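Asker: What follows is a predicted structure for the sequence shown.
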There are 2 protein chains.
Amino acid sequence: MDRVLNRLDQTQNQALARLFEFIAVKSVSTDPAFKEDCLKAAHMAKSFLQAAGFEGEVAPTTGHPMVLGKYRSKASPDAPHLLFYGHYDVQPVDPLEEWTHPPFEARLLEDRVNGTIIHGRGSSDDKGQLLTFIEAARAWYEETGDIPLNITVLLEGEEECGSPSLDGFLAERAGELKADFALICDTLQWDKDTPAITAMLRGLASLEMTVTGPNRDLHSGMYGGPALNPLKVLAKGLGALHDEAGAVQVPGFYDGVEMPDDQLIAQWRASGFDEAAFLSDIGLSRSAGEKNFSVLEQLWCRPTIEINGMWGGYMGPGHKTVIPSKAHAKLSFRLVAGQEPGQVIEAVKRFLLNQCGPEVRVEFSDPHGSQAVAFDLGKPHMDVARRVLAQEFGRAPMMLGCGGSIPIVEVFERQLGLDCLLVGFALNDDCIHAPDEKYNLISFQKGTRAFARMIGEFGQKR
Amino acid sequence: MDRVLNRLDQTQNQALARLFEFIAVKSVSTDPAFKEDCLKAAHMAKSFLQAAGFEGEVAPTTGHPMVLGKYRSKASPDAPHLLFYGHYDVQPVDPLEEWTHPPFEARLLEDRVNGTIIHGRGSSDDKGQLLTFIEAARAWYEETGDIPLNITVLLEGEEECGSPSLDGFLAERAGELKADFALICDTLQWDKDTPAITAMLRGLASLEMTVTGPNRDLHSGMYGGPALNPLKVLAKGLGALHDEAGAVQVPGFYDGVEMPDDQLIAQWRASGFDEAAFLSDIGLSRSAGEKNFSVLEQLWCRPTIEINGMWGGYMGPGHKTVIPSKAHAKLSFRLVAGQEPGQVIEAVKRFLLNQCGPEVRVEFSDPHGSQAVAFDLGKPHMDVARRVLAQEFGRAPMMLGCGGSIPIVEVFERQLGLDCLLVGFALNDDCIHAPDEKYNLISFQKGTRAFARMIGEFGQKR
């Protein structure tokens, strides 16, 4: 094990070079303009896997391809079988002008708080995190000529755009993806010095809406007054989603919501989480969430409605005195255990239809949904992960919730019947999905070392 | 007079060719990308004036240039002096995909309701309308070698973007612009068969606002709940501007509002205006304006607040689970007699600041304002206009209000002390400021003939 960890330390520059090369590929999956870049990123990931001794495959889907890697241990063919999941696609980079350095030209920068950081789109979410695992496997393979574990790697190219091809792909290839458990690397540490295991994930549902008022754009002088303005209707409807105490006012929205057990809530309360610092870091002084819940509870075990985008009318320079025909919004809902995505979407639709009134036409499109998940913390692979993270970081990992959805977890559980283990090395200030995304170099270092340890220990008899 | 009218009829194709050439110049004043096109349109307008016997000048300003034309009657040097105003700039054409024909390639089309129409951006507002006058003057000049009136023509290039250079230009050239009264051609007929004189105009104020919540774009999973979403704040604030009865809820907004005298209101009520048809034409079934006023009153003598544009977050294809840092809106206010633009803007700012609350930063920019105007209907030039329009159209003109602002009227009255006469030949279904703008060919024909008659009659002893 020490030899493998030493090799990781000694070959770090080569690992970083691979990550920089990976970041340079603009694999923005949600925008069809980047289709070729996604394909290129898939082939690059395959080559990284091959260099680590894996059999690699770029597998076509109805959308962006999957990357599959297979390693069967020579020395321990009966070792447990791990399915590793990551995604090679990234979020759009707009607003581009807010990046201090080009998003696709990765570089090391010095940061006062975080020390050395890796800057670039995908450095953390999820190119940096998935390479953290592949580099650990590579070090085992290069140093010992073998990996003491059976591993299947599945890298998706549509995580950032709702995974439209995933279900079909898994259904088709389920036999090859059988494993004892899944390891997913797309989550957070507790802080830059403390590792974490994710104990629960919020689900995600989303919806786009278009409100049509007049049958054409109108001059606000010639029609202003009697003509219904769909921007007003949209604003009024969306403005009614929450009450003054931050609670969602949609009837049925909270139906079935389950709270975690008291022990977990107690651990979070004892964590010393600094609400004021969390808010101040993002430029805010007060929580906007439900008044009777702590910030961690609001993030980890309470559902939300967000407006992710809203637009209509004239948005260019200068003025245009128009009453537009249409107004648009993109909404998403963070879900918790007990909520059904489909029911939430229907409840929100009913509420907004009612708010907008009969004089406008309201159309909803593009509904998606994934359920929230809570893990069984008593499984053996959970024990290994806890022990190994404590060894590498010198601190016991936090068992935390995650406000973000990782639909793959729900899919793995439902379609493949797999238990999941979520260990990640991202930080809250990594600016994922925003300008100036970064990944701490120390997270990459300790992350690869921790995964190398896990590969060794998962292979032991349990 | 008959010779002049005959000449107009016989040279119509040449007049249309000039209008088509004029429309082809993309003089979108609000967008700096079209600066050169605005200059080109100014020079073209000057050449049209010169062809009608005028001395022409393209006069630089701090923004787009003014076009000046001067004609001093040879036969009647003591005739009254008329200042004609129009504007050669046009509105942006977005959304371009909603035009059935390219906006800058004018053409004649056959329309079931309107007969032959002239299609293209500016065909009505205001290139078509201003040429309606210049062609009338040209016919006099070509047919008689003289025009029986002293005329100064002033064509502005910034009417659609708040006229930033107008005040300074008028202050500098006031001496040259002295006249007995002003004729402005930028308004409506009553219907396609009935001419009109505009008796009052609403004013216009506008304002842009930006709401900043978090200091950066955030992942809605990692921050959703506690993080204040500026799109929610903006929606709530704008959604509170109106009550359920369509009235503006901003304290002080209606301060000082004056209603027209009962006679005018009675004339409007007797006009047979078909509210249901008006609304149905734009795809609506009920008026969204203040409940206790008729549609014509809502349009002509009641103030409004409109949202002309609203945007923020992710607006591209697919989903992006972002809580944006900023949200934006463009607002405008139609004003009526008795309202002060500056006071209205301040009242709306106070209201929105209060609605948005202390946790966001609200910034206002780009405030503009012009007061509403009501004309003295007893002046001699009003009599001539009424008589001549009745002769040409075979129907007495309607004395109407106009919901749209023509800031030039307020400026002419305040800076030059000029009485204004507003006669125009546009129609409600001309789609000005919207896709598929058009101008009825019959409006262009009868309009030029009516103006030719006015030029003759204004020159008579009054």
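Answerer: Ah, there it is. Numbers count the residues shown, from 1 in each chain, chains lettered A, B, ... in the order given.
Asker: so how far is chain B from residue A:66?
Answerer: Computed as Cβ to the nearest Cβ, to the nearest Å, the residue A:66 to chain B distance reads 19 Å. Placement of C-beta: from N, CA and C, glycine included.
Asker: Please name the nearest non-neighbouring residue to that residue.
Answerer: residue A:59 (4.6 Å; Cβ to Cβ, 6 or more residues apart in numbering or on different chains).
Asker: Next up, the contacts around the one you found.
Answerer: A:65-68, A:169, A:173 (Cβ atoms under 8 Å, 6 or more residues apart in numbering or on different chains).
Asker: List only buried entries from those.
Answerer: Among these, the ones that count as buried by 16 or more other Cβ atoms under 10 Å in any protein chain shown are A:65-68, A:169.
Asker: May I see the buried residues of the lowest-mean-pLDDT helix or strand in chain A?
Answerer: The helix or strand of chain A with the lowest confidence, counting by mean pLDDT, DSSP states H and E, is helix A:407-411 at a mean of 83. Going by neighbour count (16+ other Cβ under 10 Å), the buried part of helix A:407-411 is A:407-411.
Asker: What ranges does the stretch 101-250 of chain A have for its helices?
Answerer: A:127-144, A:166-173, A:220-223, A:230-239 (DSSP state H, counting those that start in this stretch).
Asker: Can you tell me which of the ones you listed is most buried?
Answerer: Among these, helix A:220-223 has the highest mean neighbour count (mean count of other Cβ atoms under 10 Å in any protein chain shown), at a mean of 28.
Asker: average pLDDT across it?
Answerer: Average pLDDT, helix A:220-223: 91.
Asker: give the contact list for residue A:57.
Answerer: By Cβ under 8 Å, 6+ apart, the neighbours of residue A:57 are A:46, A:67-70.
Asker: Look at it and tell me its secondary structure.
Answerer: Classification of residue A:57 using DSSP: H, G, I helix; E, B strand; the rest coil returns strand.
Asker: what are the bridge partners for it, then?
Answerer: residue A:68 (DSSP bridges).
Asker: Show the pLDDT at it.
Answerer: 98.
Asker: before we move on, what about residue A:462?
Answerer: 46.
Asker: what does residue A:415 give?
Answerer: pLDDT, residue A:415: 89.
Asker: Next one: it from chain B, what distance?
Answerer: 22 Å.
Asker: quick one: secondary structure of the residue in the stretch 351-462 of chain A that chain B sits nearest to?
Answerer: Residue nearest to chain B within the stretch 351-462 of chain A: residue A:404 (2.4 Å; Cβ to the nearest Cβ). When classified by three-state DSSP, residue A:404 comes out as coil.
Asker: you'd agree it is up against residue A:201?
Answerer: Yes: the criterion here is Cβ atoms under 8 Å, and residue A:404 meets it with residue A:201 at 7.1 Å.
Asker: Look at the two and report which has more neighbours.
Answerer: residue A:201 (32 against 23; other Cβ atoms under 10 Å in any protein chain shown).
Asker: contacting residues for the more buried one?
Answerer: A:372-373, A:401-402, A:404-406, A:409, A:422.
Asker: what does residue A:399 give?
Answerer: A:196-197, A:199, A:264, A:267, A:377.
Asker: Chain B versus the closest residue to residue A:186 other than its chain neighbours, what's the distance?
Answerer: Take residue A:186 and drop its neighbours on the chain: the residue closest to it by Cβ to Cβ, 6+ apart is residue A:126, 5.0 Å away. To chain B, residue A:126 is 13 Å away according to Cβ to the nearest Cβ.
Asker: ok, residue A:126 - how many residues close by?
Answerer: Neighbour tally, residue A:126, other Cβ under 10 Å: 28.
Asker: same question, residue A:26
Answerer: For residue A:26, the count of nearby residues is 20 (other Cβ under 10 Å).
Asker: The one 3 residues further on now?
Answerer: Burial of residue A:29 is recorded as 28 neighbouring residues (other Cβ under 10 Å).
Asker: related to what we said a few turns ago, quick check: of the contacts of residue A:201, which lies closest to residue B:255?
Answerer: residue A:404 (49.3 Å; Cβ to Cβ).
Asker: Which residue lies closest in space to the closest one, excluding its sequence neighbours?
Answerer: residue B:221 (2.4 Å).
Asker: re earlier: from the contacts of residue A:399, which single one is nearest residue B:22?
Answerer: Distance to residue B:22 across the contacts of residue A:399 (Cβ to Cβ) is lowest for residue A:196, with 68.0 Å.
Asker: ok, that closest one - contacts?
Answerer: A:187-190, A:389, A:397-400, A:423-424.
Asker: and the helix or strand hosting residue A:312, which strands flank it?
Answerer: Residue A:312 belongs to strand A:304-313 when assigned by DSSP states H and E. Using DSSP bridges, the strands paired with strand A:304-313 are strand A:326-335 (antiparallel), strand B:304-313 (antiparallel).
Asker: quick check: angle from the helix or strand that comes right after the first one to helix A:230-239?
Answerer: Pointing back at strand A:326-335 there. Once the chain leaves strand A:326-335, the next helix or strand it forms, by DSSP H and E, is helix A:341-356. Interaxial angle of helix A:341-356 relative to helix A:230-239 (axes from the mean of the first three to the mean of the last three Cα atoms, to 10 degrees): 130 degrees.
Asker: Flag every buried residue along helix A:341-356.
Answerer: A:341, A:343-345, A:347-349, A:351-352, A:355-356.
Asker: ok, the residue nearest to residue A:197 when sequence neighbours are not counted - contacts?
Answerer: Once flanking residues are discounted, residue A:197 sits nearest to residue A:397: 5.1 Å by Cβ to Cβ, 6+ apart. By Cβ under 8 Å, 6+ apart, the contact list for residue A:397 reads A:190, A:194-197, A:385-386, A:389-390.
Asker: Out of those residues, list just those in strands.
Answerer: A:196-197 (DSSP state E).
Asker: Now render the contacts of residue A:397 as JSON lines, adding distance to residue A:27 and pLDDT.
Answerer: Below are these laid out as JSON lines (distance: Cβ to Cβ, whole Å; pLDDT from 0 to 100):
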{"residue": "A:190", "distance to residue A:27": "29", "pLDDT": "91"}
{"residue": "A:194", "distance to residue A:27": "31", "pLDDT": "91"}
{"residue": "A:195", "distance to residue A:27": "28", "pLDDT": "95"}
{"residue": "A:196", "distance to residue A:27": "27", "pLDDT": "94"}
{"residue": "A:197", "distance to residue A:27": "28", "pLDDT": "93"}
{"residue": "A:385", "distance to residue A:27": "29", "pLDDT": "96"}
{"residue": "A:386", "distance to residue A:27": "33", "pLDDT": "91"}
{"residue": "A:389", "distance to residue A:27": "29", "pLDDT": "97"}
{"residue": "A:390", "distance to residue A:27": "34", "pLDDT": "95"}
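Asker: Give me the buried subset of the contacts of residue A:397.
Answerer: Judged by 16+ other Cβ under 10 Å, buried ones among those: A:190, A:195-197, A:385-386, A:389.
Asker: OK, contacts around the closest residue to chain B within the stretch 151-300 of chain A?
Answerer: Chain B sits closest to residue A:221 of the stretch 151-300 of chain A, with a gap of 2.5 Å, by Cβ to the nearest Cβ. If you count contacts by Cβ under 8 Å, 6+ apart, residue A:221 has them with A:321, B:202, B:204, B:334, B:402-405.
Asker: same check, this time on residue A:218
Answerer: So residue A:218 contacts A:224, A:227, A:322-323, A:325, B:282, B:433-434 (Cβ under 8 Å, 6+ apart).
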